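K.L.:
show me the folded form of this:
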Amino acid sequence: MAVQKEYNLTAAKAIDGLLADTGDFHVVSDSAVEAIPYGSGLVRMSGVESGVRLPNMNVATVTLSGPLIASNVFTVTINGVDVAVTYATSHNNTMGLMVTALEALPYIDSCSFTGNILSIHAIDNFRFSSVVGVVTLGATQATASTTYNTSDVIAGISISSDTKAIGGPGNSVYDQATLTLAGDALNTSDVVTVSLNGTVLTTVTYATSEAATLQKVAGVIKAAPGVASAMVNSRVITVSMNQGLSIVIQATVADNALASVAPKFTTAYTKQTSAFGEEDVFYAAGQTVNVLEKGRVWVKVENAVTRGDSVYCRYKAGSAIGETIGRFRNDADSGTCFATGLVFSKGAAAGDFAIININQP
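P.N.:
Numbers count the residues shown, from 1 in each chain. Predicted coordinates for the structure are as follows:
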């Protein structure tokens, strides 16, 4: 019989999401709408009962260096999808046209402008990866710059559990798909039907143009549970699930216009790039998450913090190792983290474990 002869006498002082003590604490059980690492700041989903997610970069501000002038074309590209308007009558009128065009997108909640500044707010559970403004044509062209923010509020922190997955979920399941339309253009009275993970979604009838119809289809898909985004680029709809949720999707066209080459969708599947490393421990999408609303919890911090420091939570992934969404530090890190209203009750060196005291209503 084998006998253990050596023992490790140095135990790790903490792990991400470990309760710091057995004092007064309150934990609730919610559902992960995406893969969530232990020790992460969490946000409650609007319209999804008991759903929680990581913070989103969901506010973008595009600032022009000057007014739009005759013949300018102003293009805003959101996560790779272009929205363009041509100068019409005045700067203000053209900016108003851009607001209308952006608000027609299924993943934009609201949009407004003041002078040369355009503010764009995404719907809940949509995460901007990039928003770029460009002005072309005309005698002169203003330049555009973009800053980001979030409207999210921390509801709790994910704590450790015996139920977990390990490693990058994006490497294990197909959680992204493209629907590519081929054949003649969609036409009057054509009807598109989408089936997502066995559920038939609301049918979409042709709306003024093929482009408008595909945007409506994307809107129906985006509204389905578990969908992070549905983006249209030309005749392709890219559907991304919340990371770690698998996808099976099909779209069909009832060709009531009898085109010579009937329009038809084909589907291809891919895996999103995982935000997590091979050693990260997290709740997989769809699992029940233990959410600490009140109490003290160990979390790994990105930079050195001291007792009493304000707690900031990351909403935009950084370039350094460990700077993933939902992680904590004591500053805004050039506008990529937001203030939570919490404080650290125990400090730590960068990459080590600090304690956060949380008491959310």
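K.L.:
name the residues of the strand ranked longest in the chain that are buried.
P.N.:
Longest strand in the chain, counting residues (DSSP state E): strand 288-300. For strand 288-300, the buried set under the neighbour-count rule, 16 or more other Cβ atoms under 10 Å, comprises 289, 290, 291, 292, 293, 294, 295, 296, 297, 298, 299, 300. From N, CA and C alone the C-beta is placed, and that goes for glycine too.
K.L.:
could I get the full set of helices for the stretch 51-200 of the chain?
P.N.:
For the stretch 51-200 of the chain, the helices defined by DSSP state H, counting those that start in this stretch cover 91-103.
K.L.:
and for residue 324, the neighbour number?
P.N.:
Residue 324 has 18 neighbouring residues, counting by other Cβ atoms under 10 Å.
K.L.:
host element of it?
P.N.:
Assigned by DSSP states H and E, residue 324 falls within no helix or strand.
K.L.:
which non-adjacent residue is nearest the most centrally placed residue in the chain?
P.N.:
Centroid-nearest residue in the chain, with Cα atoms, centre = their mean: residue 127, separated by 2.7 Å. Closest residue to residue 127 apart from its sequence neighbours, by Cβ to Cβ, 6 or more residues apart in numbering: residue 56 at 4.5 Å.
K.L.:
mind giving me the domain ranges of the protein?
P.N.:
Domain ranges of the chain: 26-55+153-165+277-359, 59-149, 170-270, per automatic domain parsing.
K.L.:
of all those, which lies closest to residue 20?
P.N.:
Checking these against residue 20 by Cβ to Cβ gives domain 26-55+153-165+277-359 as the closest, at 3.9 Å.
K.L.:
what is the mean pLDDT for the closest one?
P.N.:
Across domain 26-55+153-165+277-359, pLDDT averages out at 88.
K.L.:
how long is stretch 73-83 end to end?
P.N.:
End-to-end distance of stretch 73-83 (Cα to Cα, to the nearest Å): 10 Å.
K.L.:
if you could redo that for stretch 110-123, that was the one I meant.
P.N.:
Stretch 110-123 end-to-end distance (Cα to Cα) = 8 Å.
K.L.:
same question, stretch 283-294
P.N.:
20 Å.
K.L.:
buried residues, stretch 98-118. List them.
P.N.:
98, 99, 101, 102, 105, 106, 107, 108, 111, 113, 116, 118.
K.L.:
scratch that, stretch 33-53
P.N.:
33-45, 48, 51-53.
K.L.:
next: stretch 317-337.
P.N.:
Buried residues in stretch 317-337, counting neighbours by 16+ other Cβ under 10 Å, are found at 317-318, 323-330, 333, 336-337.
K.L.:
residues in contact with the residue nearest to residue 120 when sequence neighbours are not counted?
P.N.:
If the residues on either side of it in the chain are set aside, residue 120 comes closest to residue 60, at 4.6 Å by Cβ to Cβ, 6+ apart. Applying Cβ atoms under 8 Å, 6 or more residues apart in numbering, we find residue 60 in contact with 78, 119, 120, 122, 128, 131, 146, 147, 148, 149.
K.L.:
switch to 7 Å and redo it
P.N.:
Applying Cβ atoms under 7 Å, 6 or more residues apart in numbering to residue 60 gives the contacts 120, 128, 131, 146, 148.
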